[in-house]
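In: missing the sequence, but the structure's below:
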């Protein structure tokens, strides 16, 4: 007889309820997005034109899968990570998990309690606005943990990062994965973790990223976790 499952997330009920609602909405939007991929045409007075993928997802609410978020939360708690960078905040769902876990670790360890522990990045201002609304619903404790940088992350992360970053979450357009890693790499602590979403379904887009981390002497070791679409867990120990 199996025991009833419970959430691994240590958070107030209103935050857990919000996360459940947002994941439900994300699943609905993801299904809609899959349908839209086959009909990416715009009719105007001119001939039909194909929408870019960026145009297609601009207003779509698609978050990191719930089981991946739960894993990330537990991983942060288990390793005592107290700061992280998120590339691809979107509507701020995964950011909530990062902030929750890091807040707990900082409180337990008594370090960095008064400063943000999560640097979040988002290119699209409308998504950033929605993300802030969701964080506000979570409460001041979550809001205080997040430093949101709106704009091109190749600029917003340049020369403006803390030391000893414990985790980098890459949930972005695949061509930006390697440039982001190169920006953050000098600030990664020994044993830092890089989580990369959809490395199976988007393997071709990650080709240069994997060539970089798998090169001799890179300091990176990686394993593909069996989550939907693939979730890469990369550990960094510089030589």
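Out: Noted; the coordinates are in hand. All values derive from a computational prediction rather than experimental measurement. Numbering: from 1, shown residues only.

In: okay, and for the chain, where does confidence drop off?
Out: Where the chain drops to pLDDT under 70, the residues are 1-5, 33-61.

In: try it again with 90
Out: 1-7, 26-63, 112-114, 159, 239 (pLDDT under 90).

In: all strands for it, in order.
Out: Assigned strands in the chain, in chain order: 41-42, 49-50, 84-87, 118-122, 146-150, 165-170, 188-197, 220-225, 231-236 (criterion: DSSP state E).

In: tell me which of these sits nearest to residue 134.
Out: When those are compared by C-beta to C-beta, strand 146-150 sits nearest residue 134, at 10.6 Å. For glycine as for every other residue, the C-beta is placed from the backbone atoms N, C-alpha and C.

In: of all the strands of the chain, which lies closest to residue 18?
Out: Of these, nearest to residue 18 by C-beta to C-beta is strand 146-150, at 15.0 Å.

In: show me what the closest one is packed against.
Out: Judged by 3 or more C-beta pairs under 8 Å, 6 or more residues apart in numbering; DSSP states H and E, strand 146-150 is in contact with strand 118-122, helix 125-138.

In: and among those, the most buried is which?
Out: Highest mean neighbour count of the helices and strands packed on strand 146-150: strand 118-122, a mean of 26 (counted as mean count of other C-beta atoms under 10 Å).

In: ok, and what's touching that strand?
Out: 83-90, 92, 95, 98-99, 102, 128, 131, 145-150, 153, 156-157, 161-162 (C-beta atoms under 8 Å, 6 or more residues apart in numbering).

In: the longest helix that the chain contains: how far from the chain's middle?
Out: In the chain, with assignment by DSSP state H, the single longest helix is helix 13-36. Put simply, helix 13-36 sits 15 Å off its chain's centre (C-alpha atoms, centre = their mean, to the nearest Å).

In: so this protein: which segments form each domain?
Out: 13-57, 66-236 (automatic domain parsing).

In: hey, which of those domains is tucked in deepest?
Out: Highest mean neighbour count of these: domain 66-236, a mean of 18 (counted as mean count of other C-beta under 10 Å).

In: coming back round to it: what's the closest of the helices and strands packed on strand 146-150 to residue 12?
Out: Among these, helix 125-138 comes nearest to residue 12, with 8.3 Å by C-beta to C-beta.
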